[in-house]
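> test case, fold it:
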Amino acid sequence: MANETMRIFFPLKIITYSQGEYGLEDNPMEITPAEAVDYEDAILAAIAKENRHFENNSGLAEYIHDEVLNEKVYSLYPSVEIVDGELWGVMTAGLKESLSGEEVAVLIDYVCGQNSDGYGEGFEQRPIKTSDGEIYVSFWNHENYSLKLEQDMKNSSPDLGYGGQVMG
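You can find the predicted model right below:
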């Protein structure tokens with residue numbers, strides 16, 4: 001069925017509420033993508049739990065309304081991944097056939113919408129319990145937000161495979 005995948009990367013915004021002597025502290029703090037690496041397993045578990053709510057095996061692709069994308073994209077799943085020592089969000093699209101440049105732009109726009117108002121909005125409202133307290137993970141950050149295709153991430157720093165300056 002599938003003959004290729006496309007991966008779209010984006011920065012995460014992660015807020016932590018530390019565990020204090022009498023429960024969770026009232027002063028939330030944003031953590032850096034490098035600090036967020038420590039929470040990768042907890043975030044992946046929370047994403048897996050959230051993904052169980054999909055009604056079929058296509059993930060977020062079930063909500064694509066664009067006719068052409070609907071024909072070519074058979075699955076779309078969110079995740080996180082460590083890239084060059086930092087935790088990034090990633091959407092993996094399973095494709096039946098390659099997308100044109102215009103179709104890639106439409107898919108990126110769709111992913112941006114899911115991150116800000118769809119899947120990401122609901123996900124960011126659910127606490128993820130860690131040994132340090134609770135974290136809230138947002139796939140959307142209105143400041144310096146950008147989406148990058150996997151090949152753009154690799155091209156940023158060919159010696160490392162990934163990395164380099166990718167936000168613009």
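> ok, Gly59 - contacts?
51, 75-78 (C-beta atoms under 8 Å, 6 or more residues apart in numbering). (C-beta placed from N, C-alpha, C; glycine too.)
> need those residues in TSV (columns: distance to Ile8 and neighbour count).
Shown next, in TSV, are the contacts of Gly59 (distance: C-beta to C-beta, whole Å; neighbours: other C-beta atoms under 10 Å):
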residue	distance to Ile8	neighbour count
Asn51	17	15
Ser75	13	20
Leu76	9	25
Tyr77	11	19
Pro78	10	22
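> now, which of those residues lie within strands?
Those of these mapping onto strands are 75-78, per DSSP state E.
> which one of these sits closest to Ile64?
Leu76 (7.5 Å; C-beta to C-beta).
> so where do the strands sit in the protein?
Under DSSP E, the chain gives strands at 4-10, 13-20, 23-24, 29-31, 73-83, 86-95, 128-130, 133-138, 148-149.
> mean pLDDT lowest where, among those strands?
Within the strands of the chain, confidence is poorest for strand 23-24, with a mean of 62 (mean pLDDT).
> going by distance to Asn3, which of the contacts of Gly59 wins?
Among the contacts of Gly59, and counting by C-beta to C-beta, the member closest to Asn3 is Ser75, at 12.8 Å.
> list the contacts of the closest one.
Applying C-beta under 8 Å, 6+ apart, the residues near Ser75 are 2, 57-59, 61, 92-94.
> name the nearest residue to it, ignoring sequence neighbours.
Distance criterion C-beta to C-beta, 6 or more residues apart in numbering; nearest residue to Ser75, sequence neighbours excluded, is Gly94 at 3.8 Å.
> could you do Val68 as well?
Using C-beta to C-beta, 6+ apart, the nearest residue to Val68 is Glu103, at 6.1 Å.
> residues near the residue nearest to Ser75, how many?
Using other C-beta atoms under 10 Å, Gly94 has 20 neighbouring residues.
> pretty sure it sits against Val73.
Yes - between Gly94 and Val73 there is a contact under C-beta atoms under 8 Å: 7.1 Å.
> sorry, back to before: of all the strands of the chain, which one comes closest to His65?
Closest among those, using C-beta to C-beta: strand 73-83, at 11.7 Å.
> tilt between the closest one and strand 4-10?
Strand 73-83 and strand 4-10 are oriented at 50 degrees to each other (axes from the mean of the first three to the mean of the last three C-alpha atoms, to 10 degrees).
> specify the beta-bridge partners of the residue nearest to Ser75.
The partner list for Gly94 in beta bridges (DSSP bridges) reads Thr5, Ser75.
> so who does it touch?
Here Gly94 is in contact with 2, 5, 61, 73-76 (criterion: C-beta under 8 Å, 6+ apart).
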